[in-house]
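>>> I would like the atomic coordinates for the input below:
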Amino acid sequence: MRVSINVTNYSWPGGPRRIREELLRLAEAADESGIDTLWVSDHLVQADPNAGLDETDMLEAYTVLGFAAARTERVRLGTMVTGVTFRPATLLVKAVTTLDVLSGGRAWLGVGTGYHQREADAMGLPLPPLAERYERLDETLRIALRMWSGDDSPFEGTHHHLT
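Model prediction:
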């Protein structure tokens with residue numbers, strides 16, 4: 001059996017310094033105790049159902065994972081999950097690949113269609129209809145596999161066009 005931790009809320013009292021200290025404590029404890037994976041939510045505003053949208057702190061997921069990677073040696077790292085409308089597909093794959101290289105092969109790609117309309121509106125991001133988000137998810141996964149295999153040939157999808 002594998003046990004993971006998912007951080008969904010960064011609302012520790014005490015401000016930025018306390019948030020940093022608690023994340024560091026959590027990452028190091030996960031690494032030392034045998035936790036398999038440390039997941040962080042990839043939301044741009046607080047989306048924890050137990051917290052208000054604008055009431056609590058929310059950190060950017062890949063920066064948090066880079067911070068955790070620098071302070072750990074064993075625990076695997078990933079997002080639960082990145083919405084395909086948050087970042088261009090190639091930028092997302094590049095971020096996960098960079099995390100994987102710098103963490104010594106411990107990164108996971110967690111990607112999904114996204115769902116939070118209030119978050120998209122607050123951050124000025126598109127949230128197209130679900131069918132389109134599934135098309136974007138399919139293309140993102142195809143692009144990831146191509147990039148990781150070294151295939152640099154052009155990609156012509158419905159939503160992504162790579163030269």
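
>>> and for the closest residue in space to Ala122 that isn't next to it in sequence, the neighbour number?
In space, and not counting its chain neighbours, Ala122 is closest to Val45: 5.2 Å by CB to CB, 6 or more residues apart in numbering. The way it works is simple: take the backbone N, C-alpha and C, and place the C-beta from them, glycine included. Neighbour count of Val45, defined by other CB atoms under 10 Å: 17.

>>> same check on Val81?
Neighbour count for Val81, taken as other CB under 10 Å: 17.

>>> which residues touch Thr85?
Gly114, Ala120, Leu125, Pro126, Leu127, Pro128, Arg133, Arg136 (CB atoms under 8 Å, 6 or more residues apart in numbering).

>>> ok, now how distant is the second one from Pro126?
The span separating Ala120 from Pro126 equals 7 Å under the rule CB to CB, to the nearest Å.

>>> can you give me the strands for this structure?
4-7, 37-40, 76-79, 82-83, 107-108, 111-112, 155-156, 161-162 (DSSP state E).

>>> about what we covered before: and the contacts of Thr85, which are buried?
In terms of neighbour count (16 or more other CB atoms under 10 Å), the buried residues within these are Gly114, Ala120, Leu127, Arg133, Arg136.

>>> make JSON lines out of these and add distance to Asp36 and pLDDT.
JSON lines is the format used below for these (distance: CB to CB, whole Å; pLDDT from 0 to 100):
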{"residue": "Gly114", "distance to Asp36": "25", "pLDDT": "94"}
{"residue": "Ala120", "distance to Asp36": "31", "pLDDT": "92"}
{"residue": "Leu127", "distance to Asp36": "31", "pLDDT": "97"}
{"residue": "Arg133", "distance to Asp36": "29", "pLDDT": "98"}
{"residue": "Arg136", "distance to Asp36": "29", "pLDDT": "98"}
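
>>> just the ones of those in helices?
Among the buried ones among the contacts of Thr85, the ones falling in helices (DSSP state H) are Ala120, Arg133, Arg136.

>>> pretty sure the residue nearest to Ala122 sits against Gln117.
No: using CB atoms under 8 Å, Val45 makes no contact with Gln117, being 11.7 Å away.

>>> gap between the lowest-mean-pLDDT helix or strand in the chain and the chain center?
For the chain, counting by mean pLDDT, DSSP states H and E, helix 117-123 ranks last in confidence among helices and strands (a mean of 89). When distances are taken as CA atoms, centre = their mean, to the nearest Å, helix 117-123 is centred 17 Å away from the chain's centroid.

>>> show me which positions of that helix end up buried.
Glu119, Ala120.

>>> contacts for that helix, please.
With CB under 8 Å, 6+ apart, helix 117-123 has contacts from His43, Leu44, Val45, Ala47, Leu53, Thr85, Gly114, Leu125, Pro126, Leu127.
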